[in-house]
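J.: how would this look folded up:
(one chain, ligands or ions: 2)
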Amino acid sequence: MIKVGVLGAKGKMGAQTCLAVEEAADCELVARLDQGDELDELTAAGAEVVVDFTRPEVVMDNLAWCIEHGINAVVGTTGFDEERLATLRSQLAGSPSTGVLIAPNFSIGAVLMMQFAAKAAPYYESVEIVELHHPDKVDAPSGTARRTAELIADARREAGSKPIPDATTTALDGARGADVDGIRVHGVRLRGLIAHQEVLLGDEGETLTIRHDSMARTSFMAGVLLGVRRIGSTPGLTVGLEHFMDLS
Ligand SMILES: NC(=O)C1=CN([C@@H]2O[C@H](COP(=O)(O)OP(=O)(O)OC[C@H]3O[C@@H](n4cnc5c(N)ncnc54)[C@H](OP(=O)(O)O)[C@@H]3O)[C@@H](O)[C@H]2O)C=CC1
Ligand SMILES: O=C(O)C1=N[C@H](C(=O)O)C[C@H](O)C1
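T.: Ligands and ions are numbered 1, 2, ... in the order given. The predicted structure is shown next:
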């Protein structure tokens, strides 16, 4: 049995994760913590893996504590840039048997969408991303969109792709979206939505649209449990659930 603690347990994703862990035959939910609770409850309960679905402004403190106490972490919270990842790598160097998984999206379909988009991007002159989410989301663009843009930009750099054409010389602020590593990312916030993304690719006479939709938060749970099961045997920092999937 893997002893699991959940941070952000009263939130939308944390509550769903508690249910999934309780239902998993090989996991035991030993701690559910939220805002104001003491992290020491995790060690007292013997947690071996912590799942973090909190907020970008608190997740780094949570992870520093987990690494210091040798507790593996599976992280869905967004807000990770290169600087934060470098900080985690250096903290993990001091705790070589501890593992941290940062997964911008735990949905298997979303992971595939990101991989397909990166594969397709060098074949098209143009590519832009539209992410669509529920209006209670606090960060923009989404972690998934940022990660997709980075994967696409890496693939295009590797293939020697030309810069994406765009003749815009005048624009209202935000009209062309955010620039993430040279890729335009547009955000929609709409009641009724959960988490959705389109990657639009275009060239002479054709377009390709790759779209993924999470219609319920249960869509993330298979990926969360995969992370929980694998992180104990994967020391160091892993970025992206694709590393725990056989995609070759
Ligand atoms: N990787 C993935 O697949 C997914 C990632 N996410 C990401 O997960 C994060 C959480 O999303 P969501 O569940 O929708 O957000 P919610 O706001 O519903 O939940 C966050 C919870 O964390 C609590 N919290 C805040 N600070 C702390 C703290 N220091 N310790 C413990 N708990 C704390 C919040 O309490 P309070 O409200 O009082 O602040 C709240 O209960 C976001 O960054 C989101 O983008 C979401 C879906 C999927
Ligand atoms: O806040 C959300 O809801 C989601 N957050 C993650 C993100 O920012 O990419 C994952 C998913 O899109 C849902």
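J.: just the strands in the protein please.
T.: 2-7, 27-33, 49-52, 72-75, 99-102, 126-133, 178-180, 183-189, 195-203, 206-214, 236-239 (DSSP state E).
J.: averaged over its residues, what pLDDT does the longest helix anywhere in the chain have?
T.: Identified as the longest helix of the chain according to DSSP state H is helix 143-159. Mean pLDDT, computed over helix 143-159, is 97.
J.: buried residues in that helix?
T.: Residues of helix 143-159 classed as buried by neighbour count (16 or more other Cβ atoms under 10 Å): 143-153, 155-156. For glycine as for every other residue, the C-beta is placed from the backbone atoms N, C-alpha and C.
J.: can I assume residue 75 is in contact with residue 56?
T.: No. Residue 75 is not in contact with residue 56 according to Cβ atoms under 8 Å; the separation is 10.9 Å.
J.: More neighbours: those two, which one.
T.: With neighbours defined as other Cβ atoms under 10 Å, residue 75 and residue 56 compare such that residue 75 has more, 25 against 14.
J.: Specify the beta-bridge partners of the nearest residue to residue 196 once chain neighbours are set aside.
T.: Of all residues beyond its chain neighbours, the one nearest residue 196 is residue 132 (4.2 Å), with distances taken as Cβ to Cβ, 6 or more residues apart in numbering. Per DSSP bridges, the residues bridged to residue 132 are residue 188, residue 196.
J.: Assess the claim that residue 132 and residue 188 are in contact.
T.: Yes. Residue 132 is within contact range of residue 188, at 4.2 Å (criterion: Cβ under 8 Å).
J.: Of those two, which one has the most company?
T.: Per other Cβ under 10 Å, whichever of residue 132 and residue 188 has more neighbours is residue 132, with 19 against 13.
J.: contacting residues around that one?
T.: Residue 132 makes contact with 187, 188, 189, 190, 193, 195, 196, 197, 198, according to Cβ atoms under 8 Å, 6 or more residues apart in numbering.
J.: Local confidence estimate at it?
T.: 98.
J.: still on that earlier bit, near ligand 2 at all, the longest helix of the chain?
T.: Yes. Helix 143-159 lies within reach of ligand 2 by Cβ under 6 Å from any ligand atom, at 143, 144.
J.: who's in contact with that helix?
T.: 78-80, 104-105, 110, 113-115, 117-119, 121-122, 127, 129, 131, 180-183, 185, 187, 195, 197, 199, 240.
J.: Recalculate using a threshold of 6 Å.
T.: Defining contact as Cβ atoms under 6 Å, 6 or more residues apart in numbering, one finds that helix 143-159 is touched by 78, 104-105, 110, 114, 117-118, 121-122, 127, 129, 131, 180-183, 185, 197.
J.: does stretch 55-67 come close to ligand 2?
T.: No. Figure legend: stretch 55-67 not in contact with ligand 2 (Cβ under 6 Å from any ligand atom); closest approach 9.5 Å.
J.: middle-most residue in the chain, spatially?
T.: The residue lying closest to the centre of the chain (Cα atoms, centre = their mean) is residue 104, at 0.7 Å.
J.: OK, contacts around it?
T.: 143, 144, 147.
J.: try it again with 10 Å
T.: Residues counted as contacts of residue 104 (Cβ atoms under 10 Å, 6 or more residues apart in numbering) are 75-78, 80, 110-111, 114, 142-148, 150-151, 239-241.
J.: Could you check how far it is from residue 222?
T.: According to Cβ to Cβ, to the nearest Å, residue 104 stands 16 Å off from residue 222.
J.: any idea how far residue 27 lies from ligand 2?
T.: 22 Å (Cβ to the nearest ligand atom, to the nearest Å).
J.: is it true that that residue touches residue 4?
T.: Yes. Judged on Cβ atoms under 10 Å, residue 27 makes contact with residue 4 at a distance of 5.3 Å.
J.: Many thanks, have a good one.
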